[in-house]
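Participant: sequence below, structure please.
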Amino acid sequence: MKEKGFTLVELLAVIVILSIILAIAVPTYRSYMASSRNKAFKEAENALKTAANNALTQCITNPTGEVVEYCKSHRPPDNQYQYDVAVGDELVKYNYIDPIADPYHSGKYCDMSKSYVYVSNKTNIDDEDNFDFVYKVCLACGDRKSEDCRDDILNQEKTEYETFCKVAYDSEGITIYDNKWTDQDLYLNFTSDGNFKYGINQYKYKIGSKSWKSLKAKENVASASITETIGDVEIKSEAYDGFNQKAEGICQGSDGSRIKIDKTKINSLTLTAKQTDGVVLTSGSWSLTDVVFTVTMNPRTIPSGYYYTWYKDGEVVNKTEEGTYKVTTRGTYKVEVTNGVGKQILTSEEFIVKIDKNKPTCTLASSGVKNGDWYIGDVTTVFTDTNDLEEDGLLGSGIVSQTIDKPKVSEDGASITITGTVIDAVGRKGTCKSVVKHDTKKPVVSSKNNPLSLGNGDYNFTSNLNVSFGPSGGTTVCNPATSRKTGAYTVTCTLTSNINRQSTTVSFNVRHSYAATYVHQMCPYKYTCNCHEEEECESRCCGTASNGCHNCCTKYCHGHCETYQKCETCTGYNDCSYYTCPNGGTLQGTMCIY
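Facilitator: Numbering: from 1, shown residues only. Reported below is the predicted structural model:
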């Protein structure tokens, strides 16, 4: 059988069929490939977004290691006027992402230096921890770029500009704040000057330690009103241009001052008065010391402070910033309190001060019968003057009591002190004294010895007297005045007081004595010893130890009478000396008494 090939018609038919199939398959394949590449591109965009998010998250939390360097140039935006740009090659450098393969060109990579993530914030709340980020991704792979790519983002020109914040009394900034305390609203007027290509889009300010507040700039300016009380604090300001570049400043008034606003409402004042020892006084009461006023304000303190103007009897006597004031003189006082703004003024009630610092004084006068300086009768003492004057010559609280401890003196004394006491209405005590001499006493006397035995020498008879004069003293005269040195006689002494000249007499007997004369003589005697009469020998001889018979008896009699039968006669002498009174008188022992 003879084989045949395809006819031309059949070949043409096959070609047509294949052409039809290819016409259908190629677009489908191309569509599939494009879809795959586009999906890969989207995934790459999401990976770049995730890397930027991770980087900012670490900068917000606690950056460590190399991340610190990255965070130095990247600031997470905290409101809708700020943004941050995370460039792709930086994210690769700090290992947040690997280089991205180009989905459209096999073997090639996307240009990470032209790829970035633009991060902004939805919120304008002044909470720095509120990060509600919005991400716009720009991925550049060959000639393919993300829809959100902008040429100016990575081609920013570094701009240099200054920002200014002037404080004014009006929103237009016409009347500049003058550094004085005020209770008006003030306005912060923000302006900037310099090379900012894309203009100023945001201002921020911070009062003291409070949180930052944000303002949207219009035509590069902005204004904010300050309505709260601010006590002399610094207000910082910041400006951000279209590239999020920042300039910093300080809000200032006309002379570079801080802002001082005080809208505090003063409710009341209380004025209290005390003595320096802390005793509380009421108006019109007497004080023993200087008076210290204390002003208590409600509220106690305000930012602008209080100023106190003190009046005495309607005249200004002191201006101070202290809430206490000491007064030393009496008068009617009041205080006027003004806040630092000078618009709120409160005045206290009048307070009457009466000061009694000095003790009252007095003088005494005594009267009665006198002899010279001595009173010889009753003494009467009375006040001659009493007063309660202060150093300024004004009368004090007044004397309410006056007493004399010895208004009448009857006792005797050389220095009798009489004390007068005066007491004023506040209890101060003053004293005065008078000293008098008083003597009404008659002398009293007695003799110490009667009779008085004397020798033959001189003797003052007043020494034999017990004398008692009054306090003024007296004189004593005895007769005879001195010793007669012999015999017996009577002495009479008369005592007379000095002041009242009263006399008393006393007498006593005197007798003199002298030593008797001693006469020496010896008397002979004779005794016989009889050995046959031993008893006689013992008593007559042995009993006399100072004569010769003693020796006789000892030698011949005593103890040997039976042996020696011999009698012996002994001769001796007795002492017959005696005293005598050759000048008369009676011998008493060794003395002769008249």
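Participant: what residues does the residue nearest to Tyr578 when sequence neighbours are not counted make contact with?
Facilitator: Spatial nearest neighbour of Tyr578, chain neighbours left out: Val519 (5.2 Å); criterion: CB to CB, 6 or more residues apart in numbering. C-betas here are computed from N, CA, C, even on glycine. Each residue near Val519 by CB atoms under 8 Å, 6 or more residues apart in numbering is listed here: 577-580.
Participant: now with 10 Å?
Facilitator: Taking CB atoms under 10 Å, 6 or more residues apart in numbering, we find Val519 in contact with 576-580, 582.
Participant: helices of the stretch 1-150 of the chain, residue ranges please.
Facilitator: Assignment of helices within the stretch 1-150 of the chain using DSSP state H, counting those that start in this stretch yields the ranges 8-60, 67-72, 88-93.
Participant: what does the stretch 451-594 of the chain give?
Facilitator: 534-537, 548-552.
Participant: pLDDT (mean, whole number) over the last one?
Facilitator: Averaged across helix 548-552, the pLDDT comes to 44.
Participant: can you check stretch 325-337 too?
Facilitator: 97.
Participant: from the chain's centroid, how far away is that stretch?
Facilitator: Chain-centre distance of stretch 325-337: 26 Å, with CA atoms, centre = their mean, to the nearest Å.
Participant: also stretch 396-406?
Facilitator: Distance, centroid of stretch 396-406 to centroid of chain: 40 Å (CA atoms, centre = their mean).
Participant: same thing with stretch 506-517?
Facilitator: 86 Å.
Participant: now that stretch - C-alpha only, CSV.
Facilitator: Extracted C-alpha coordinates of stretch 506-517, given in CSV (Å, rounded to 0.1, in the frame of the first residue of the first chain):
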residue,chain,number,x,y,z
VAL,A,506,23.4,99.3,188.3
SER,A,507,25.7,98.8,191.3
PHE,A,508,28.0,95.9,192.3
ASN,A,509,30.6,95.3,195.1
VAL,A,510,34.3,95.1,194.3
ARG,A,511,37.0,93.6,196.5
HIS,A,512,40.7,93.3,195.7
SER,A,513,43.2,90.5,196.5
TYR,A,514,46.9,89.9,196.4
ALA,A,515,49.3,87.0,196.9
ALA,A,516,50.1,86.1,200.5
THR,A,517,53.8,86.2,201.7
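Participant: next, the buried residues of it.
Facilitator: 506, 508, 510, 512-514, 516 (16 or more other CB atoms under 10 Å).
Participant: what's the answer for stretch 287-295, then?
Facilitator: For stretch 287-295, by 16+ other CB under 10 Å, it's 287-289, 291-293, 295.
Participant: ok, the residues you listed vs Thr276, which is closest?
Facilitator: Thr289 (4.4 Å; CB to CB).
Participant: correct me if wrong, but the closest one is in a helix.
Facilitator: No. Looking at Thr289 with DSSP: H, G, I helix; E, B strand; the rest coil, it is coil, so not inside a helix.
Participant: OK, contacts around Phe190?
Facilitator: 163-166, 173, 200, 202-205, 215, 217, 220-224, 237-239, 249, 251.
Participant: hmm, 8 Å instead?
Facilitator: With CB under 8 Å, 6+ apart, Phe190 has these contacts: 163-165, 203, 205, 215, 217, 221-224, 237, 239.
Participant: just Asn371 next, same as before
Facilitator: Here Asn371 is in contact with 499-500 (CB under 8 Å, 6+ apart).
Participant: can you name the residues bridging to it?
Facilitator: Trp374 (DSSP bridges).
Participant: Val341 and Asp262 touch, don't they?
Facilitator: Yes. Using CB atoms under 8 Å, Val341 makes contact with Asp262 at a distance of 5.5 Å.
Participant: give me the common contacts of those two.
Facilitator: Contact criterion CB under 8 Å, 6+ apart; residues shared by Val341 and Asp262: 181-183, 304.
Participant: pipe those into a markdown table and attach neighbour count per row.
Facilitator: Shown next, in a markdown table, are the shared contacts of Val341 and Asp262 (neighbours: other CB atoms under 10 Å):
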| residue | neighbour count |
| --- | --- |
| Trp181 | 19 |
| Thr182 | 20 |
| Asp183 | 17 |
| Ser304 | 24 |
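Participant: tell me the mean pLDDT for stretch 417-436?
Facilitator: 95.
Participant: end-to-end on that stretch?
Facilitator: End-to-end distance of stretch 417-436: 7 Å, with CA to CA, to the nearest Å as the criterion.
Participant: got the buried residues for it?
Facilitator: Those would be 418, 420, 422-426, 428, 430, 432, 434, 436, for stretch 417-436 by 16+ other CB under 10 Å.
Participant: mind checking which of the residues you listed land in strands?
Facilitator: In strands, defined here by DSSP state E, the members of the buried residues of stretch 417-436 are 418, 420, 422-424, 430, 432, 434, 436.
Participant: Pro76: which of the residues you listed is nearest?
Facilitator: Nearest to Pro76 among those, with distances taken as CB to CB, is Asp424, at 80.9 Å.
Participant: buried ones in stretch 56-66, by neighbour count?
Facilitator: 56, 58-59, 63.
Participant: close enough to count as contact, Thr175 and Tyr169?
Facilitator: Yes. The pair Thr175 / Tyr169 is scored as a contact, 4.3 Å apart, by CB under 8 Å.
Participant: neighbour count: these two, which is higher?
Facilitator: Tyr169 (17 against 11; other CB atoms under 10 Å).
Participant: could I get the contacting residues of that one?
Facilitator: 175-177, 182, 184, 186-187.
Participant: drop anything exposed from those.
Facilitator: Applying 16+ other CB under 10 Å to these flags 176-177, 182, 186-187 as buried.
Participant: low-confidence stretches in the chain?
Facilitator: 1-6, 25-33, 80-81, 123-130, 156-158, 525-572 (pLDDT under 70).
Participant: can we see that at 50?
Facilitator: 1, 531-566 (pLDDT under 50).
Participant: re the thing from before, filter the shared contacts of Val341 and Asp262 down to just the ones in strands.
Facilitator: Short answer: the shared contacts of Val341 and Asp262 have none in strands (DSSP E).
Participant: save the residues you listed as JSON lines, and put in distance to Phe351 too.
Facilitator: Output for those, formatted as JSON lines (distance: CB to CB, whole Å):
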{"residue": "Trp181", "distance to Phe351": "29"}
{"residue": "Thr182", "distance to Phe351": "33"}
{"residue": "Asp183", "distance to Phe351": "29"}
{"residue": "Ser304", "distance to Phe351": "26"}
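Participant: looking at these, which one is closest to Tyr118?
Facilitator: For those, the nearest to Tyr118 is Thr182 (43.9 Å; CB to CB).
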